[in-house]
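Q: The following comprises the amino acid sequence and a computationally predicted model.
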Amino acid sequence: MAGTFDISLDSLARRSVAPETVGTAGSSAGSSQNGATFFLETFGCQMNDHDSEKVAGVLLSRGYKQVESPDTASLILYNTCSIREKAAQKVFSRLGEYRTKQAAGQVIGVLGCVAQQEGEDIFERAPWVSLVCGSASYRKLPELLAQVEAGNQRVTGLDTDTDETFETPVTRRDNPWRAYLTIIEGCDKACAYCVVPFTRGPERSRASDSVLKEVRELAELGYSEVQLLGQTVNSYADPSSRRMRFSELLLAVADVPGMRRVRFTTSHPRDFGEDIVAALEREPKLCNHVHLPVQSGSTRVLREMVRTYTREEYVEKIAMLRQAKRPIAITTDIIVGFPGETEADFAETLSLLEEVRYDSLFSFKYSPRPNTPSLAMPDAISEEEKSRRLGILQEKQREIQSERNATLVNTKFDVLVSGKSRRENQWSGHTSCHRVVNFTSQERNLLGTYVRVQVIGAGANSLVGEQVT
Ligand code: SAM
Ligand code: SF4
């Protein structure tokens, strides 16, 4: 069940927010606490990005000021990712760069999935680290920080059995137009390759009233796009007496005055029902894009992965989306080289790409992870073979994307403008279907606005356009 964050709004009101921050939800004021400063670097997924926004909010409300360089920070924090081995290694090599910082009086903390996975071992590998805190314990962060501030050299927050979500009264958001909002934490699935259930703990959904309250606050602050987050966002189960279904929550969020776009990620195929498609059909503010990770096109591999669906069942979900009354872009995640993946299994993944013709995909080489069942599976695929398969997969997808994007030339899209090029009159932004569009416009102040753009060219990864009235 969602709980409130354990520092009072009163105490927040006496503390400061750095003047350079944008989109801070919640109230806070006051002066910086003894000139304490923090540097926060984030590795990994959007959920980590958003967790960092919340962590930054907590620190700002404790009087810390955010700085751009670890050299000038009194507190250096790494919010880490351990989904693949490379990501985890990166954290330790980064920590290695800071071995002299503790002696210089700086405090170093490791947050997120590597913290949860490695726990107190981090103190052995990097004794200059003073704080190790997994995402399920962020709610305790103020207490943990108080211990660090009191000079405690080894502070940990590593519980995963919490039934609470990390709800903060103050979130320091990085993007002034699109806000992330986590509606479900953790994961109750048990995919054989994945560390998430170990690092983020069991599923906990946030009460619908609390979600909607924050969406209303975001709209008041000027946000027009919200992205609802969860490892399996569509497994959302409202813990309040309203018992809102995920599809009902989507519609309620879209109904908040001021919100123009609502996104959600990541959906698990097993829990993706017709009611979600019906909501997308009914409400144009719900973006016409669904990220539906398949992982493999082979039912045999899917079974080994414990994905809980067959290729045929997955393809039925795709058919449901394709039959919707408005076109819906579909993207996915694929892992190549899962233990025992044969050439024939891989060929089935390629044929799935042909069958579905995804608008985009994220592809990964299988990476063995600690504690996961697939670690003990026989017939590991060599790194060289994984790279070969990844290359073939990406090339095929590139062709598909180029062809799909080429069909969009001469069509028009509403684009939320989020970037301005150094080149004169050049802007960029996203369509509702989550395509990047680079376009020309003679207008001056377009950032954060929605403009109508006609597509005049297309590449595999983006569209080129010009503003039309
Ligand atoms: N919950 C989402 C789902 O069920 O699809 C995905 C969350 S995970 C953070 C993002 C992606 O990382 C997964 O979809 C999968 O493709 C990839 N991934 C997870 N574990 C992996 C591993 N051990 N090796 C390679 N890729 C992995
Ligand atoms: Fe990992 Fe599977 Fe949960 Fe996604 S659904 S987070 S891949 S265990």
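A: Cool, the structure landed. Ligands and ions are numbered 1, 2, ... in the order given.

Q: Just give the number of residues close to residue 362.
A: 11 (other Cβ atoms under 10 Å). (Each C-beta comes from the backbone N, C-alpha and C, glycine too.)

Q: now the helix or strand in which it is found: mean pLDDT?
A: Following DSSP states H and E, one finds residue 362 within strand 360-365. Mean pLDDT, strand 360-365: 97.

Q: And stretch 282-292, what's buried?
A: Using 16 or more other Cβ atoms under 10 Å as the test for burial, stretch 282-292 gives 285, 286, 287, 288, 289, 290, 291, 292.

Q: nearest to residue 114, of those?
A: residue 291 (24.2 Å; Cβ to Cβ).

Q: Not counting its own residues, what contacts the biggest helix by length in the chain?
A: If you go by DSSP state H, the chain has its longest helix at helix 383-406. By Cβ atoms under 8 Å, 6 or more residues apart in numbering, the list of residues contacting helix 383-406 from outside reads 334, 336-337, 341, 346, 349-350, 353-354, 357-361, 363-366, 381, 435, 458-463.

Q: Next step: those residues restricted to helices.
A: Per DSSP H, the contacts of helix 383-406 map to helices at 346, 349, 350, 353, 354.

Q: Could you name the helices and strands sitting against the strand or helix carrying residue 117?
A: Using DSSP H and E, residue 117 sits within helix 112-118. Helices and strands touching helix 112-118, by 3 or more Cβ pairs under 8 Å, 6 or more residues apart in numbering; DSSP states H and E, are helix 46-61, strand 75-80, helix 85-96, helix 121-125, strand 129-133, helix 196-200.

Q: Export the fifth one to CSV, keeping only CA atoms.
A: Extracted in CSV, the C-alpha atoms of strand 129-133 (Å, rounded to 0.1, in the frame of the first residue of the first chain):
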residue,chain,number,x,y,z
VAL,A,129,31.6,4.3,0.0
SER,A,130,29.5,5.4,3.1
LEU,A,131,25.9,4.8,1.9
VAL,A,132,24.3,1.8,0.1
CYS,A,133,20.6,2.1,-0.5
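
Q: can you list the residues of the stretch 351-469 of the chain near ligand 1?
A: Applying Cβ under 6 Å from any ligand atom, we find that the stretch 351-469 of the chain lies next to ligand 1 at 364, 366, 367, 369.

Q: of all those, which comes closest to residue 276?
A: residue 364 (25.3 Å).

Q: okay, now that closest one: neighbour count?
A: 17.

Q: Repeat that for residue 212.
A: Residue 212 has 17 nearby residues by other Cβ under 10 Å.

Q: quick one: what helix or strand has the closest residue to it other than its chain neighbours in it?
A: Of all residues not flanking residue 212 in the chain, residue 252 sits nearest, at 5.9 Å (Cβ to Cβ, 6 or more residues apart in numbering). Assigned by DSSP H and E, residue 252 belongs to helix 246-254.

Q: Spit out the contact partners of the residue nearest to residue 134 when sequence neighbours are not counted.
A: Spatial nearest neighbour of residue 134, excluding adjacent residues (Cβ to Cβ, 6+ apart): residue 116 at 3.1 Å. By Cβ under 8 Å, 6+ apart, the residues touching residue 116 are 82, 134, 135, 136, 158, 160, 198, 199, 200.

Q: Lowest-confidence one in those residues?
A: Among the contacts of residue 116, residue 160 has the weakest pLDDT, 73.

Q: my read: that residue touches residue 201, true?
A: Yes. Using Cβ atoms under 8 Å, residue 160 is in contact with residue 201, at 3.4 Å.

Q: Find the residues that touch each one of these two.
A: 134, 136, 186.

Q: which of those residues has the most neighbours?
A: Counting by other Cβ under 10 Å, top hit in these: residue 134 with 27 neighbours.

Q: My read is that that residue contacts residue 115, right?
A: Yes. If you go by Cβ under 8 Å, residue 134 and residue 115 touch, sitting 5.1 Å apart.

Q: shared neighbours, those two?
A: residue 158.

Q: for ligand 1, what are the nearby residues on the protein?
A: So the chain meets ligand 1 at 45, 83-84, 193-194, 196, 231-232, 266, 268, 293, 295, 333, 335, 364, 366-367, 369 (Cβ under 6 Å from any ligand atom).

Q: go with 8 Å
A: On the criterion Cβ under 8 Å from any ligand atom, ligand 1 has as its neighbours in the chain the residues 44-45, 47, 83-84, 187, 189, 191, 193-196, 231-232, 266, 268, 293, 295, 307, 333-335, 362, 364-369, 372, 374.

Q: And the strands in the stretch 301-450 of the chain?
A: Secondary structure of the stretch 301-450 of the chain by DSSP state E, counting those that start in this stretch: the strands cover 329-336, 360-365, 412-420, 426-430, 436-440, 450-458.

Q: Contacts only, for the residue nearest to residue 318 when sequence neighbours are not counted.
A: Take residue 318 and drop its neighbours on the chain: the residue closest to it by Cβ to Cβ, 6+ apart is residue 356, 5.3 Å away. Neighbour list for residue 356: 294, 315, 318, 330, 332 [criterion: Cβ under 8 Å, 6+ apart].
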